[in-house]
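**Student:** Generate coordinates for the sequence data below:
(2 chains)
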Amino acid sequence: MNPHSTVSTGSPWYGLFSRGARDWLRHNQKIRDSVQQQLPDLVAGADLITGSEQRTVHLPVHILEHARFRLADNPIESFRRAGQGRGEPGDLIRPAGQHPPTDEPDISYAGDQGEGQLQLLLEFSVDELVDWLWETMNLPELRPKPKTRLAEQTLVREGWDKHGARARLDRRRTIKEAVKRRAIQANPVAFCNDDLRFRPLVHRPQPVTHAVVLFALDVSASMTQAERKLAKTFFFFALQGLRRRYGKVETRFIAHTTQAWEFSESEFFQVTGTGGTGASSAFALVKQLLSTEYPAAQFNSYLFYASDGENFTEDRKAATSLLHTLTGMLNYVGYVETVPGASRTIETEMSAICRQLQQNSVALGCCILNQPDDVWKAIRQFFAADPMQTNHA
Amino acid sequence: MTQHALLADYTRHLEMLAAEQGLDYYPIDFEVVPANFMTEVAVYGLPIRMPHWSFGVRYIHQLIRQSMGHSRIFEVMFLGNPCHAYLVSDNSIAENTLVVAHVIGHADFAKRNSLFERFMAMAGGRILEQAAERARAIERALIEYGQDKVEQVLDAALALEPHIDIHQALYRSA
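**Tutor:** Numbering: from 1, shown residues only, chains lettered A, B, ... in the order given. Just a heads-up that it's a prediction; the model follows:
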């Protein structure tokens, strides 16, 4: 009548199990994947571009939960399908991925979340986010021009010396020397001049790793908000990519209509001009900046130009010749044409100029952006092809 | 006497006491396991279960609550014939003895429970072993079809889980 229960110790391997940790990592991977997909939207914020590298982005992320059935947000609409007699396999009750319309249902949404949905506030540094992206792209490095590998003198800490400036005293090492001496002397003094050790500074040449990136944007009346957002997203990722290659990156922002002005970053994307487009004005300003402030011997320079492609026909000759001069001064020129929505079939004025220049084998890339996803396509196109080879070809 | 032998001895005594009280239950296999394994058993709901990201979320919750002192696991028990019960090796002998007595009470309650009785009749007493075999089948599927596809199926299945009618037969035709 008495059942015989047993007591045993579990398998010695139990201590090694880590299934929970494995599944937690998988959960995090899923979250990271979705963050990565949303990234173009994240950089829509105003002044992400020139911010310091230490800045972080706070991302409210839901902890993933099991999918579950819930009542429809808008019952009247969904009555059409459900509860109308027997269903057939393949009946569509409600199309998936249909979000509530953006206006007021958002508020009830927010209320929902307040009521106890778990939110994870993930903190990513801007750097980290972009690191992922550039990692996954496996891009070859953009190499600086050989002639710009000028040896620049920098001071580095190197070696030891018994004499030196007081400020360079290495106290730890000095005390070690004193301890050693005291150990072998009969009546030692605490410190003497022989114990002192200094870490001198010496001049060493260092290759130049400065870069300047010039962003030029067409702000004429034809550039709408959507076009600018595309341009901005592209500028952001191009800049971040270059920051990964060079120790110090300076940025200049130029906007143009028929004239060109330089702006600070925060103003740059707010600027709206009226009137027509004369790209040569921007190119002239770029040329002026380069020759006065950024000597080619010390800077790797890049120009990224975004426009909707329209340009005055009268400006064509001036723009072509200036752009041609610039390609000689710059490491690389990238031109993006922002055409939100459907792709255009007719070749625009600017792409005609670019195509003409490309035939002369200059380091110039050209890409058309229709939607945020194209930004990556453009970056891949610009940076994956080695511009040096194009230059020498 | 080692801790383990001591616990076995106490268990025998407790069973005699249970018999005196007229408790009726299937024999119980007690296993003394390390704390991290115990956490996993509690979170996964089964000693061996399929991998799924949702368990990872619960695992971290449990781990955090434990480390903050808000939660401590004493026993996990699975009904069947025999029943299985897990004890944590780090817990003191007094605590584990108390848990053994408590589990015997559970076992008695379960054997007299009509829901349990009905499922025992349909599924047999070795549910844990069957569940483990299913978990292994899912592991094999992971290797064969890849994580994304298997996860899609599991996500859908887990969404249906709360809607299963437990009053119907265990095996039903579609």
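**Student:** I'd assumed B:Val99 was in contact with B:Leu74.
**Tutor:** For residue B:74 the amino acid is Phe, not Leu. Yes. Contact status for B:Phe74 versus B:Val99: in contact at 5.2 Å, counting by CB atoms under 8 Å. All C-beta atoms are positioned from the backbone trio N, CA, C, and that covers glycine.
**Student:** and these two? which has more neighbours close in?
**Tutor:** The neighbour count for B:Phe74 versus B:Val99, taken as other CB atoms under 10 Å in any protein chain shown, is higher for B:Val99 (21 against 15).
**Student:** Can I get the host helix or strand of A:Phe215 in CSV, CA atoms only?
**Tutor:** Per DSSP states H and E: A:Phe215 is located in strand A:210-218. Extracted in CSV, the C-alpha atoms of strand A:210-218 (Å, rounded to 0.1, in the frame of the first residue of the first chain):
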residue,chain,number,x,y,z
HIS,A,210,41.8,64.0,-41.3
ALA,A,211,38.9,64.1,-43.6
VAL,A,212,36.5,66.8,-44.6
VAL,A,213,33.0,65.9,-45.8
LEU,A,214,31.1,68.5,-47.7
PHE,A,215,27.4,68.0,-47.9
ALA,A,216,25.6,70.0,-50.6
LEU,A,217,21.9,70.1,-50.8
ASP,A,218,19.6,71.6,-53.4
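**Student:** Does anything pack onto that strand? Which helices or strands?
**Tutor:** Using 3 or more CB pairs under 8 Å, 6 or more residues apart in numbering or on different chains; DSSP states H and E, the elements in contact with strand A:210-218 are helix A:225-243, strand A:248-256, helix A:279-293, strand A:300-307.
**Student:** what's the angle from it to strand A:300-307?
**Tutor:** Put simply, strand A:210-218 runs at 10 degrees to strand A:300-307, going by axes from the mean of the first three to the mean of the last three CA atoms, to 10 degrees.
**Student:** mind checking the SS state of B:Met122?
**Tutor:** helix (DSSP: H, G, I helix; E, B strand; the rest coil).
**Student:** Helix, strand, or coil at the residue lying closest to it once chain neighbours are set aside?
**Tutor:** Spatially, and ignoring its direct neighbours in sequence, B:Met122 is nearest to B:Leu170 (4.2 Å; CB to CB, 6 or more residues apart in numbering or on different chains). Secondary structure assignment for B:Leu170 (three-state DSSP): coil.
**Student:** now do A:Gly164
**Tutor:** A:Gly164 ends up coil, using three-state DSSP.
**Student:** Phi and psi next, for it.
**Tutor:** With angles defined as degrees, to the nearest 10, A:Gly164 sits at phi 170, psi -180.
**Student:** Ramachandran coordinates for the residue most central in space within chain B?
**Tutor:** Per CA atoms, centre = their mean, the C-alpha nearest to the average position across chain B is that of B:Phe78, at 4.0 Å. When quoted as degrees, to the nearest 10, the phi and psi of B:Phe78 stand at phi -120, psi 130.
**Student:** you'd agree it is up against B:Ala85?
**Tutor:** Yes. Look at B:Phe78 against B:Ala85 with CB under 8 Å: they come within range, at 7.5 Å.
**Student:** Please identify every residue contacting each of B:Phe74 and B:Val99.
**Tutor:** Shared contacts of B:Phe74 and B:Val99 (CB atoms under 8 Å, 6 or more residues apart in numbering or on different chains): B:87, B:91.
**Student:** dump the residue contacts of the closest residue to A:Glu158 other than its chain neighbours.
**Tutor:** Leaving out its chain neighbours, the residue that sits closest to A:Glu158 by CB to CB, 6+ apart is A:Val202, at 4.9 Å. When contacts are counted by CB under 8 Å, 6+ apart, A:Val202 touches A:155-156, A:158-159.
**Student:** for those residues, which one is nearest chain B?
**Tutor:** A:Val156 (44.8 Å; CB to the nearest CB).
**Student:** Find me the pLDDT at residue 76, would you?
**Tutor:** Picking chain A for this. If you check A:Ile76, the pLDDT there is 60.
**Student:** think we crossed wires, I meant chain B
**Tutor:** At B:Val76, pLDDT is 94.
**Student:** and it, what does it touch?
**Tutor:** By CB under 8 Å, 6+ apart, the residues touching B:Val76 are B:38, B:41-42, B:85-86.
**Student:** quick one: B:His106 is in a helix?
**Tutor:** Yes. Looking at B:His106 with three-state DSSP, it is inside a helix.
**Student:** Spatially, what comes nearest to it if we skip its sequence neighbours?
**Tutor:** With CB to CB, 6+ apart, the residue lying closest to B:His106 is B:Met77, at 5.6 Å.
**Student:** burial count for that neighbour?
**Tutor:** Neighbours of B:Met77 using other CB under 10 Å come to 18.
**Student:** which sections of chain B are below the confidence cut-off?
**Tutor:** For chain B, the stretches with pLDDT under 70 are B:1, B:174.
**Student:** all helices in it, in order from the N-terminus.
**Tutor:** B:3-20, B:35-44, B:53-67, B:93-111, B:114-123, B:127-145, B:147-160 (DSSP state H).
**Student:** B:Asp29 contacts B:Ala85, correct?
**Tutor:** Yes. Counting by CB under 8 Å, B:Ala85 is a contact partner of B:Asp29 at 7.1 Å.
**Student:** Show me which of these two is the more surrounded one.
**Tutor:** B:Ala85 (24 against 16).
**Student:** Give me the distance between B:Gln62 and A:Phe236.
**Tutor:** B:Gln62 is 40 Å from A:Phe236, where distance means CB to CB, to the nearest Å.
**Student:** Looking at the two, which one has more neighbours?
**Tutor:** A:Phe236 (23 against 18).
**Student:** Let me know the pLDDT of the more buried one.
**Tutor:** For A:Phe236, the predicted pLDDT is 79.
**Student:** before we move on, what about A:Glu104?
**Tutor:** With respect to pLDDT, A:Glu104 has a value of 34.
**Student:** Distance from stretch B:77-92 to the middle of the chain?
**Tutor:** Distance of stretch B:77-92 from the chain centroid (CA atoms, centre = their mean, to the nearest Å) equals 8 Å.
**Student:** Please disregard the earlier target; I meant stretch B:19-29.
**Tutor:** Worked out by CA atoms, centre = their mean, stretch B:19-29 lies 19 Å from the chain centre.
**Student:** buried ones in it?
**Tutor:** By neighbour count on 16 or more other CB atoms under 10 Å in any protein chain shown, the buried set for stretch B:19-29 is B:23, B:25-26, B:28-29.
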